[in-house]
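1. Build me a structure from this.
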Amino acid sequence: MIMYDITIKITDKCNFNCKYCIFKRDNSGIPPLECDRVVSFLNKFSKHISKIRLTGGEPLIYFDNIKRLLNNLDNK
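-> Numbers count the residues shown, from 1 in each chain. Model prediction:
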């Protein structure tokens with residue numbers, strides 16, 4: 001069986017202003033990740049997923065969404 005590592009970009013938004021980073025501080029128009037759609041996708045293909053990586057500008061800006069995402073995943 002083929003297994004996949006999944007990378008989920010939570011957001012491009014960031015509250016920092018690091019010189020080396022491609023994400024800029026002023027990006028307030030970018031919507032956060034749609035948790036329900038991601039949970040549905042991950043649950044559908046969970047048997048083929050070996051690792052889930054969360055990335056983004058600063059993913060912890062949407063910490064509540066991350067908690068919701070993790071709490072709603074099937075435990076497979």
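2. what about the residue most central in space within the chain, distance to C35?
-> Centrality entry for the chain: nearest residue to the mean C-alpha point is I10, 3.3 Å, by Cα atoms, centre = their mean. According to Cβ to Cβ, to the nearest Å, I10 and C35 sit 10 Å apart. For glycine as for every other residue, the C-beta is placed from the backbone atoms N, C-alpha and C.
3. can you map out the strands along this protein?
-> Using DSSP state E, the strands of the chain run over 4-9, 49-55.
4. what residues does the first one touch?
-> With Cβ atoms under 8 Å, 6 or more residues apart in numbering as the contact definition, strand 4-9 has outside contacts at 33, 38, 42, 45, 48-56.
5. Of all pairs in those, which one is the farthest apart?
-> Greatest spacing in the contacts of strand 4-9, by Cβ to Cβ: H48 and G56 (23.2 Å).
6. Looking only at neighbour counts, state which of these two leads.
-> Shown here are H48 and G56; by other Cβ atoms under 10 Å, G56 has more neighbours (21 against 11).
7. Quick check, the more buried one in contact with D12.
-> Yes: between G56 and D12 there is a contact at 6.5 Å, judged by Cβ atoms under 8 Å.
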